[in-house]
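>>> Next comes the sequence, and after it the predicted model I'd like to discuss.
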Amino acid sequence: DTEYNVNVNDQTAALVALAPHKLIGFMSVHPDDASVMDEIERCVCDLKLRGIKLGPNYQYFDPLGPAARRVYGRAQELGLPILFHQGTSGVRDAPLRYAHPLVMDEIATAFPELRIVMAHMGHPWHADTISVVRKHPNVYADVSAQFYRPWSFYNGFRLAWEWGITHKLLFATDYPITTPEETLHHLRHFNEFARRHHLPEVPDEVFEGIIHRESLKLLGLE
């Protein structure tokens, strides 16, 4: 189908070119592709893309395999942060073990200078995500796709607060499924749920810190 006979990295670069003062482009590659290393170089040198997005469960590659490790090593050399899909999925043939947060522990140990963002706080495995983020200086988690499930939303942030890693949580929205405005609203009204159910709160300044955090600086993308 010619509709899908396109290079997503070319499309991303074209979109960034429409508003280069506002947008930063991330490439997506498949570690098992024979030309993956050449594509990374092309994306960096020609397309000026500045990070990588990977979803091992959706792309169906072993995130701890040798091909994936080559990609991580080159990303570390080039200073490219990698955003990984983490957590559950409703897609039947997408292996959950490829998106489990504890996999990130092994990657971060092998590539300690690689900046990693664990998407969705690894839901529903918040505790495992927090353990990995707490352990590794260059590993972060984003807060996208949390508020759809209020009890998980509450427990994830409460655990993050108790374990002292909220300074490593980055604002993200899961757009276009949800908007920035919706995410801002739910972060700023988190404690309404806690009060309604007579639960311990999380300080409001934690959420303002997430909203105003200089994420680009943390990821080397200034």
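Everything's here; your move.

>>> make it CA atoms for all contacts and neighbour counts henceforth
Noted.

>>> From Asn9, how far out is the residue nearest the centre of the chain?
Nearest to the mean C-alpha position of the chain, counting by CA atoms, centre = their mean, stands Ala119 at 3.1 Å. Here Ala119 is placed at a distance of 20 Å from Asn9 (CA to CA, to the nearest Å).

>>> just to revisit the earlier point, list the contacts of the residue nearest to the centre of the chain.
83-87, 141-144 (CA atoms under 8 Å, 6 or more residues apart in numbering).

>>> top of those by neighbour count?
Using other CA atoms under 10 Å as the neighbour criterion, Gln86 leads the contacts of Ala119 with 31 neighbours.

>>> Is the nearest residue to Met27 once chain neighbours are set aside in a helix, a strand, or coil?
Nearest residue to Met27, sequence neighbours excluded (CA to CA, 6 or more residues apart in numbering): Ile52, at 4.8 Å. Following DSSP: H, G, I helix; E, B strand; the rest coil, the label given to Ile52 is strand.

>>> quick one, what contacts Ile52?
26-29, 80-83.

>>> for Glu77, same thing?
With contact set as CA under 8 Å, 6+ apart, Glu77 has no partners.

>>> try Ile40
Counted by CA under 8 Å, 6+ apart, Ile40 has contacts 27, 29.

>>> Helices of this structure, residue ranges please.
Counting by DSSP state H, one finds helices in the chain at the ranges 8-18, 36-45, 56-59, 66-78, 101-110, 126-135, 150-162, 180-188, 190-196, 204-212, 215-218.

>>> Can you say which of those helices is packed in most?
Counting by mean count of other CA atoms under 10 Å, helix 126-135 has the highest mean neighbour count of the helices of the chain, with a mean of 21.

>>> angle of it against helix 101-110?
Angle, helix 126-135 to helix 101-110, by axes from the mean of the first three to the mean of the last three CA atoms, to 10 degrees: 10 degrees.

>>> and helix 126-135, what does it pack onto?
Contacts defined by 3 or more CA pairs under 8 Å, 6 or more residues apart in numbering; DSSP states H and E place helix 126-135 against helix 101-110, strand 139-142, helix 150-162.

>>> Which residues are in contact with the residue nearest to Pro95 when sequence neighbours are not counted?
Distances taken as CA to CA, 6+ apart place Asn57 nearest to Pro95, at 5.2 Å, with adjacent residues excluded. By CA under 8 Å, 6+ apart, Asn57 lies in contact with 94-99.

>>> Which among the residues you listed count as buried?
Those of these that meet the buried threshold are 94-99, by 16 or more other CA atoms under 10 Å.

>>> of all these, which comes closest to Asn191?
Here the nearest of the buried ones among the contacts of Asn57 to Asn191, counting by CA to CA, is Ala99; it sits at 29.4 Å.

>>> ok, now which ones touch that closest one?
Going by CA under 8 Å, 6+ apart, Ala99 touches 55-57, 85-88.

>>> What of Met118?
Applying CA under 8 Å, 6+ apart to Met118 gives the contacts 83-86, 101, 129, 139-142.

>>> Show me which of these is closest to Phe207.
Distance to Phe207 across these (CA to CA) is lowest for Asp142, with 12.4 Å.

>>> what residue ranges in the protein are flagged as low confidence?
Low-confidence segments of the chain, defined by pLDDT under 70: 1-4.

>>> and stretch 178-192, C-alpha only, in CSV?
C-alpha atoms of stretch 178-192 as CSV (Å, rounded to 0.1, in the frame of the first residue of the first chain):
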residue,chain,number,x,y,z
THR,A,178,-5.1,13.5,25.2
THR,A,179,-4.3,17.2,25.0
PRO,A,180,-1.8,19.2,27.1
GLU,A,181,-4.7,21.0,28.6
GLU,A,182,-6.3,17.8,29.9
THR,A,183,-3.0,16.6,31.4
LEU,A,184,-2.4,19.9,33.1
HIS,A,185,-5.9,19.9,34.6
HIS,A,186,-5.5,16.4,36.0
LEU,A,187,-2.1,17.0,37.5
ARG,A,188,-3.3,20.2,39.1
HIS,A,189,-6.4,18.5,40.5
PHE,A,190,-4.7,15.3,41.7
ASN,A,191,-5.3,16.0,45.4
GLU,A,192,-9.1,16.4,44.9
